[in-house]
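Engineer: What follows is a predicted structure for the sequence shown.
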Amino acid sequence: MDITKELAEVMYRSMHRIRLFEEKVEELFAAGELPGFVHLYIGQEACAAGVCANLSAEDYITSTHRGHGHCIAKGGALDRMMAELFAKSTGYNKGKGGSMHLASTEIGILGANGINAAGMPIAVGAALSAKMQKNGRVAVAFLGDGASNQGTFHESLNLAAVLGLPVVFVCENNQFAVGTRITESTKITDIAGRASGYGLPGVIEDGMNVVKVFQAASRLIAAARAGKGPALLELKTWRYRAHFQGEPASYRTREEEAEWLKKDPLEIARGQFAEKHLLSGSRAAEIEKEVKVELERAVDFARRSPFPEPAEALVDVFA
Amino acid sequence: MATPVLMPKLGLTMESGKVVSWKKREGEPVAKGETLLEVETDKIVSEVQSPQAGFLLKVLEPEEAEVKVQAVLAVIGEKGEDISSFLAAPGQPSAPAVNAPAEAAEAPSLPAAGRLRITPRARKLLAERGFAPADLEAPGVDRIGEADVQDFLARQGQIRPMSRIEKVAAERMTASFRDIPQFSLRFKAELDRLLDLLPHLKEEAGRDITVNDLILRGVAIALSRFPEVQCQARGEGLFQPGSVNLGFAVALDRGLVVPVIRDAGGKRLAALSREAAELSERAKEQRLRPEDVSGGTFTVSNLGMFGICSFVPIVNPGEGAILGVGGIQSVTAGRVVELTLVCDHRSVNGATGAGFCRELKSVLEAAEEAAW
Amino acid sequence: MRKISYSEAIAEAQLQEMQRDEKVFLMGLVLRDPYGSAFGQTKGISTALGPERVLDVPVSENGYVGAGVGAAITGMRPVVELQFSDFITIAMDQVVQQAANMRYMFGGQIKVPMVLRAPTGAYLSAAAHHSHCLESWFSFIPGIKVVLPSDAYDAKGLLISAIRDDNFVIYLEHKKLFDKKAEVPEEPYTIPLGKAAVKRQGTDLTIVAWSFMVSKALEAAAALEKKGISAEVVDLRTVSPLDEETVLSSVEKTGKLVVFQETYRHCSVATDVSALVAEKGFDFLDAPIRLITAKDVPIPFAPVLENFVLPQTENLVAEAESLVTKARRG
């Protein structure tokens, strides 16, 4: 599928929002302004942006503990997200979820998730729902390489295949599950290879290249939407930060980190779009500036927002 | 461990007791349960036993001392034990009066040592009635339960407030007894004739006529013929009512009420019977109006249905006399009823009273159909 | 009125709700006819309505319970069946971490109108892996309603209410009750969740029970009547949320409480009821609270062993007798 100018801008903006948001979160977290802990998505921007550019607000995604990127790419508002990280009542989850449970079900974000692979069956269920209601929606389940060893991964792939559901499983293989290198946790090199074991297509793609991500996702999502069933897309990528902020990440070598830094997805994107005359340098700079302003406003909004009242803790257990 | 001996609460209202005599001296050994002293309240003299074996280390109250309930009388323990804590306190506060909560009386005041256990339900029930666990004597029971409390409460009897009617009656009867010089005249009336006439009278009346109806009518007739018996003492004067307003006593669940049949002299048997029945019913349903129970000039009280042969009623204050009616007895002479007239001597003397009795007797025994 | 069995009542409830609301669908193992579920709880439904809303899924409890959650938060009303409640352990993450938490941790953005149904209980030599009663685990977790019908009439009414409830409800059906018949109205009806029922009036003691134990409690009450003891039997129906008022009113009346529970004592519904009465009904008690529960061992296979481990009607009769005669004393 060809990339249009609009699409290029959308994806570029999306990646930039993710990058700036995460860098800001890094800063705020180090300064002690954010409670709990955060798992940063820096380096994986092309995955979220490329996949979500194929989705409308009505489609569904489920995310992981490293979910800020997915939420932003799916259309999450930076101010509502930031407020949630600040534990304010104006956050998407009214301060009751935080980083790992960020959700905006109105725009199909069925939640980041604190449990490995737990979003996968939920996405399967959303796809089942779409199929039964015949509304043409699809669901995308993001997962990591670690999740591919969880029983839930296998149950989800099998169930989706057997029922023929419009769900695409996007595995962001950043080579590490917390501190365990994938070569030590998995006998096979390519997780996509597991897909055939369940009777669905498995595709591998370069997760640092947003255009390639977009095109691969596009084919699989279109197929799912057309009723051709589920698929597994494995994106080879790298997280530029540790598993969570504050972790030493001593399990990675300086050399490999340096290698991957050379493949910064934002730079690759800027280069690609400029080459194809989809996004001029000045337009890119404009977008960057706009995102910067948007982010500043988001942080300001979050800071000024009130904390939830203690009594809020007692509501919304049941409808 | 040194143990205090406390003044026990020996009765519901006991607040203090007097030390009558010590049976043991300071320093003497005592066994558990051995009598240490005798104490006295308004009503009784009681022994107080030692709660444990040991030595009588200290006697705190001498003979003749008036000591508050729960205060320390003495201390039992081992020789040389520190008992200063019992001496420092001048004595515990007196046990609470009737309506105090159970907690205050939890301190052991039972002769036997050991904390008394009681279920929450039982404790609550006790407290509601103004008692404390210590008030129960339940030897051999390891935990006082509701059943134990219910037994206990049943033995105490119960007080409830008087109903209005009971209160008024109590006041009036006391006043009558106190203020009216009353005397009684007893006589019998043979009723065979009247009772033989009864079926016919019923038919004539077209309704069921009771023996009481007959008596009331008889009295009404007699009063019309002998009105002097209705004379009332009013201050310096004597008041003679102009009509016969016949009251008859009706027993209620709680108390007595006397509805009045106005102008009974002028009402024949059927009307009288109907009115008496109607007033009776309303009395039992508590629907009497003020005019139903006022203006009486003579009262009839009938206890015949309870098997009473005769009795001496109390004059209804404001009236000159009252008639008590017993049950019908079968004797050799036939069926008779014993009647007792009680008169206010200020306005009705013996002769007057007797005159009325003779009239009534004659009315009942003659049973002249025409008059009824 | 016609009599139908407990399993027929469950099937009828689901069929009628699916007829009323097209968003209701079933998911589980062998739900479609001719099987109609392991104990007949979905018999006739796929024949009547077609297979589209009666999904037979692969044996993958965490996966398909999770799919139920996903469907429930995107507009459908799934009734998910586990073949045995014991298998809920395989799906624990989706039950406890996802379904129970979701409304709350998303700040109230969605509802989770999902029913998770499963056969529960012992007394049939089903041995360790097929005999559990796990209602206390789910009473413990906020965000889950837990319902256990004791007869066919309650089964239909409670299931209809559970399906209509916009929240996550775990509905546990006792295996010993599947064949038991009762009068069940043909038209749909509801029995409110969170409300207990006094199944037998009495004055001498309160027996609190639920699920299969209600039958045993009623048997015990009949036996106790012959001994001059009047027992009140309170059927909790829903163990979470617990109907505190009904339990407390009963104990206020009788002064004595026996909780008659099939399963283990520790951290259970029985200890919950006990704590409730000790805290809020302290003044009502004329005797200590008694709990009759299973012995703390896995459920054995041999009937003689299983019957020894699990509470029996005789245990309840003996306990009740002892409790009441002790209180009566004189």
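Structural biologist: Structure received.
Engineer: What residues of stretch B:186-203 count as buried?
Structural biologist: For stretch B:186-203, a neighbour-count test (16 or more other C-beta atoms under 10 Å in any protein chain shown) marks B:188-191, B:194-195, B:197-198, B:201-202 as buried. Bear in mind the C-beta positions are built from the backbone N, C-alpha and C, glycine included.
Engineer: any idea of the pLDDT on the spatially most central residue of chain A?
Structural biologist: The centroid of chain A falls nearest to A:His70 when counting by C-alpha atoms, centre = their mean (2.6 Å). At A:His70, the model reports a pLDDT of 98.
Engineer: Quick check: A:Ile61 is in a helix.
Structural biologist: No - applying DSSP: H, G, I helix; E, B strand; the rest coil, one finds A:Ile61 to be strand, outside a helix.
Engineer: Look up how far chain C lies from it.
Structural biologist: The gap separating A:Ile61 from chain C is 11 Å, by C-beta to the nearest C-beta, to the nearest Å.
Engineer: so after the lengthiest helix in chain A, what's the next helix or strand?
Structural biologist: Looking across chain A with DSSP state H, the single longest helix is helix A:5-30. Next in sequence after helix A:5-30, counting helices and strands by DSSP states H and E, comes helix A:45-52.
Engineer: Wait, the residue nearest to the centre of chain A touches A:Leu110, no?
Structural biologist: No - at 10.5 Å, A:His70 does not count as touching A:Leu110 under the criterion of C-beta atoms under 8 Å.
Engineer: Three-state assignment for B:Ala283, please.
Structural biologist: helix.
Engineer: Now it. Nearest residue, chain neighbours left out?
Structural biologist: In space, and not counting its chain neighbours, B:Ala283 is closest to B:Val250: 4.5 Å by C-beta to C-beta, 6 or more residues apart in numbering or on different chains.
Engineer: List the contacts of that neighbour.
Structural biologist: Residues near B:Val250 by C-beta atoms under 8 Å, 6 or more residues apart in numbering or on different chains: B:256-259, B:279-280, B:283-284.
Engineer: Now the residue of the stretch 101-250 of chain B found nearest chain A: phi and psi?
Structural biologist: Relative to chain A, the nearest point of the stretch 101-250 of chain B is B:Pro120 (30.7 Å; C-beta to the nearest C-beta). When read as degrees, to the nearest 10, the backbone of B:Pro120 gives phi -60, psi -40.
Engineer: what mean pLDDT does the helix or strand where B:Ser273 lies have?
Structural biologist: Taking DSSP H and E as the criterion, the element that holds B:Ser273 is helix B:269-284. For helix B:269-284, mean pLDDT is 95.
Engineer: Count the residues that sit near the closest residue in space to the residue nearest to the centre of chain A that isn't next to it in sequence.
Structural biologist: By the measure of C-beta to C-beta, 6+ apart, the closest residue to A:His70 outside its immediate chain neighbours is A:Ser63, 4.1 Å from it. Using other C-beta atoms under 10 Å in any protein chain shown, A:Ser63 has 29 neighbouring residues.
Engineer: for the helix or strand bottoming out on mean pLDDT in chain B, which positions count as buried?
Structural biologist: Of all helical and strand segments in chain B, the minimum by mean pLDDT, DSSP states H and E falls on helix B:84-88, at a mean of 73. Under the neighbour-count criterion of 16+ other C-beta under 10 Å, helix B:84-88 has B:Phe86 buried.
Engineer: next helix or strand past it?
Structural biologist: Heading C-terminal from helix B:84-88 (DSSP H and E), you reach helix B:120-128.
Engineer: can you give me the strands in the stretch 101-250 of chain A?
Structural biologist: Secondary structure of the stretch 101-250 of chain A (DSSP state E, counting those that start in this stretch): strands at A:139-144, A:167-173, A:176-177, A:180-181, A:202-206, A:231-236.
Engineer: packing partners for the longest one?
Structural biologist: The helices and strands touching strand A:167-173, judged by 3 or more C-beta pairs under 8 Å, 6 or more residues apart in numbering or on different chains; DSSP states H and E, are helix A:45-52, helix A:119-133, strand A:139-144, helix A:151-163, helix A:210-225, strand A:231-236.
Engineer: That strand pairs with which strands, parallel or anti?
Structural biologist: Looking at strand A:167-173 with DSSP bridges, its partner strands are strand A:139-144 (parallel), strand A:231-236 (parallel).
Engineer: How far does the first one sit from its chain's centre?
Structural biologist: Strand A:139-144 has its average C-alpha position 8 Å from the chain's average C-alpha position, going by C-alpha atoms, centre = their mean, to the nearest Å.
Engineer: on that earlier part again, may I see the strands of the stretch 101-250 of chain A organised as CSV, with mean pLDDT, mean neighbour count and distance to C:Glu306 added?
Structural biologist: Listed next are the strands of the stretch 101-250 of chain A as CSV, based on pLDDT from 0 to 100; neighbours: other C-beta atoms under 10 Å in any protein chain shown; distance: least, C-beta to C-beta, whole Å:
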stretch, mean pLDDT, mean neighbour count, distance to C:Glu306
strand A:139-144, 98, 30, 43
strand A:167-173, 98, 30, 44
strand A:176-177, 92, 21, 44
strand A:180-181, 90, 14, 44
strand A:202-206, 98, 19, 48
strand A:231-236, 98, 26, 46
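Engineer: beta partners of the residue nearest to B:Ala283?
Structural biologist: On the basis of DSSP bridges, B:Val250 is bridged to B:Val257.
Engineer: returning to what we had before: of all the strands paired with strand A:167-173, which one is nearest C:Val258?
Structural biologist: Closest to C:Val258 of the strands paired with strand A:167-173, according to C-beta to C-beta: strand A:139-144, at 50.1 Å.
Engineer: Which residues does that closest one contact?
Structural biologist: A:47-48, A:51-52, A:55, A:59-64, A:66-67, A:70, A:110, A:116-117, A:119-120, A:122-124, A:126-127, A:130, A:153, A:156, A:165-174, A:177, A:221, C:70.
Engineer: Count the neighbours of the residue of the stretch 101-250 of chain B closest to chain A for me.
Structural biologist: The tally of other residues near B:Pro120 (other C-beta under 10 Å) stands at 16.
Engineer: In contact with it, which residues are there?
Structural biologist: C:282-286.
Engineer: Neighbour-wise, give me the winner out of the residues you listed.
Structural biologist: Highest neighbour count within the contacts of B:Pro120, by other C-beta under 10 Å: C:Asp286, with 28 neighbours.
Engineer: Please report the distance of that one from B:Leu125.
Structural biologist: Distance, C:Asp286 to B:Leu125, using C-beta to C-beta, to the nearest Å: 9 Å.
Engineer: so what sits against both of these two?
Structural biologist: B:Glu146.
Engineer: Could you look up the next helix or strand downstream of the strand or helix carrying C:Glu245?
Structural biologist: Using DSSP H and E, C:Glu245 maps to helix C:244-254. The helix or strand immediately downstream of helix C:244-254 is strand C:257-264, counting by DSSP H and E.
Engineer: Partner strands of that following strand, with direction?
Structural biologist: Neighbouring strands of strand C:257-264 in its sheet, by DSSP bridges, are strand C:205-209 (parallel), strand C:290-294 (parallel).
Engineer: what's the neighbour count on the residue of chain A found nearest chain B?
Structural biologist: Nearest residue of chain A to chain B (C-beta to the nearest C-beta) works out as A:Leu314 at 30.7 Å. The tally of other residues near A:Leu314 (other C-beta under 10 Å) stands at 8.
Engineer: residues touching it, list them.
Structural biologist: Applying C-beta under 8 Å, 6+ apart, no residues qualify as near A:Leu314.
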